[in-house]
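> Build me a model from this:
(2 chains)
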Amino acid sequence: MRNLKIGITTISISMRNYVRDERKRKKLKQEELAAALKVSRQTINAIEGNRYLPSLALALKLSMFFDMSVNELFIFEKHELP
Amino acid sequence: MKNSKIVLFPRIFRLIGAVIVLIAIIIFCIKLFSGVKFEEFIKFDTDIRIYAIYAILILGFFLIAFSKEKFEDELIAHFRVMAVLITTILHSIFFFIFTFTSLTLHFINFPAIILMNSLFFFYIITFNILKFHEKFKNRNNDNFD
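Numbering: from 1, shown residues only, chains lettered A, B, ... in the order given. Below you'll find the model as predicted:
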């Protein structure tokens, strides 16, 4: 999570993704998704837990796998701080 | 597009490195118990045979640090970069404190080869901490499958 000060308002920005939701929707295990994308299960778990931001190549691979755009899979959440 | 992957040794070199480190530690212990004082090991103008132990140790650490993991992917590459960054910071702090204490206690003249050894040592420790921390978190999240 990052805080940005724009003018007089401070905006908090955090990254979220729907990898876990999409994987569950496809009824896949983390191992199966990892094997399909040729990465380790730890990588998938770290991405799902928002502990690691994947590279552009892996983000594109994920979006292609789930048949979604990167923008739909990974989202920026903005919150205005008081 | 050019592949920017880090070139690493095969996985077997990790084991070879560990054996080399073990040999260096055994030689170190033999030297220590055969009457060589500990001060000799950290003296700047020490015996060439003691320098050789440090050189063997560097080779072992080098092979451990730069051999492939079981699954070498971008998360591991990220950990490697993070480990280098943390090592640099820790090393800087360590030597800053070490130099100040040395200046006051007057034992600044240590072989520079120790510096290289400690660099590799810090790197290996940091990298493994990062890796096992992630593995531990992964184990805790198993119920999400």
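
> Would you quantify the distance from the most centrally placed residue in chain B to B:Ala24?
For chain B, the residue nearest the mean C-alpha position is B:Phe121 (1.9 Å; CA atoms, centre = their mean). Distance of B:Phe121 to B:Ala24, given as CB to CB, to the nearest Å: 12 Å. Quick note: C-beta positions are derived from backbone N, CA and C, even for glycine.

> Point me to the helix or strand that includes the residue nearest to the centre of chain B.
Using DSSP states H and E, B:Phe121 sits in helix B:113-140.

> Counting by contacts, list what that helix packs against.
Applying 3 or more CB pairs under 8 Å, 6 or more residues apart in numbering or on different chains; DSSP states H and E, we find helix B:113-140 packed against helix A:41-48, helix B:48-65, helix B:74-105.

> how far off helix B:113-140 does the shortest one point, in degrees?
In this case it means helix A:41-48. On the basis of axes from the mean of the first three to the mean of the last three CA atoms, to 10 degrees, helix A:41-48 is oriented at 70 degrees to helix B:113-140.

> I'd like the next helix or strand past helix A:41-48.
helix A:56-65.

> Which positions in that following helix come out as buried?
Under the neighbour-count criterion of 16 or more other CB atoms under 10 Å in any protein chain shown, helix A:56-65 has A:Leu58, A:Ala59, A:Lys61, A:Leu62, A:Ser63, A:Phe65 buried.

> what's next to the strand or helix carrying A:Ala35, contact-wise?
Here A:Ala35 is covered by helix A:30-37, with elements defined by DSSP H and E. Helix A:30-37 is contacted by residues A:23, A:40-41, A:43-45, A:48, A:58, A:61-62, A:65, B:144-145 when judged by CB atoms under 8 Å, 6 or more residues apart in numbering or on different chains.
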